[in-house]
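Engineer: sequence-free structure coming up:
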């Protein structure tokens, strides 16, 4: 519990108060944390967990580190895709397009050039 919550609850003398809850058989330490330190849960398949554990062992990193890296990289890729989509839409708005017939002709040409 954060200091603000402790004051409201009448426990201002304590800086923090964490408590344990049971969820699906696992105890989780819960507290009001800044968003950068929030706990987020997922339910990956056993096969994915096994692969993650193997990689974690091989590179001497924690599973949490791997998950943070994976999320950060996925978000960066999604942002890149979004920016590319906006760029493509600007191109269309500016008339920088290729007529459908020309695209079909290019595909046909590529097929003819294959060995």
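Structural biologist: On my side now, so go ahead. Here the structure is a predicted model, which means the values were calculated and not measured. Numbers count the residues shown, from 1 in each chain.
Engineer: hey, let's count contacts and neighbours off CA atoms from now on
Structural biologist: Noted.
Engineer: Double-check that residue 87 belongs to a strand.
Structural biologist: No - according to DSSP: H, G, I helix; E, B strand; the rest coil, the state of residue 87 is helix, so it is not within a strand.
Engineer: Would you check how far apart residue 49 and residue 94 are?
Structural biologist: According to CA to CA, to the nearest Å, residue 49 and residue 94 sit 47 Å apart.
Engineer: quick one, which of the two is more surrounded?
Structural biologist: Taking other CA atoms under 10 Å, residue 49 and residue 94 do not tie; residue 49 has more neighbours (13 against 9).
Engineer: how about the more buried one, phi and psi?
Structural biologist: phi -60, psi -40 (degrees, to the nearest 10).
Engineer: and it, how far is that from residue 66?
Structural biologist: Residue 49 sits at a distance of 11 Å from residue 66 (criterion: CA to CA).
Engineer: swap in residue 110?
Structural biologist: Taken as CA to CA, the spacing of residue 110 relative to residue 66 amounts to 42 Å.
Engineer: Neighbour count: those two, which is higher?
Structural biologist: Neighbour tally, residue 110 and residue 66, criterion other CA under 10 Å: the higher count belongs to residue 66, 16 against 10.
Engineer: For that one, give me the pLDDT.
Structural biologist: In this prediction, residue 66 carries a pLDDT score of 95.
Engineer: tell me the secondary structure for it?
Structural biologist: Using three-state DSSP, the secondary structure recorded for residue 66 is helix.
Engineer: by contact count, what packs against the helix or strand containing residue 52?
Structural biologist: Taking DSSP states H and E as the criterion, residue 52 maps to helix 46-59. Helices and strands in packing contact with helix 46-59 are listed as helix 63-93; criterion 3 or more CA pairs under 8 Å, 6 or more residues apart in numbering; DSSP states H and E.
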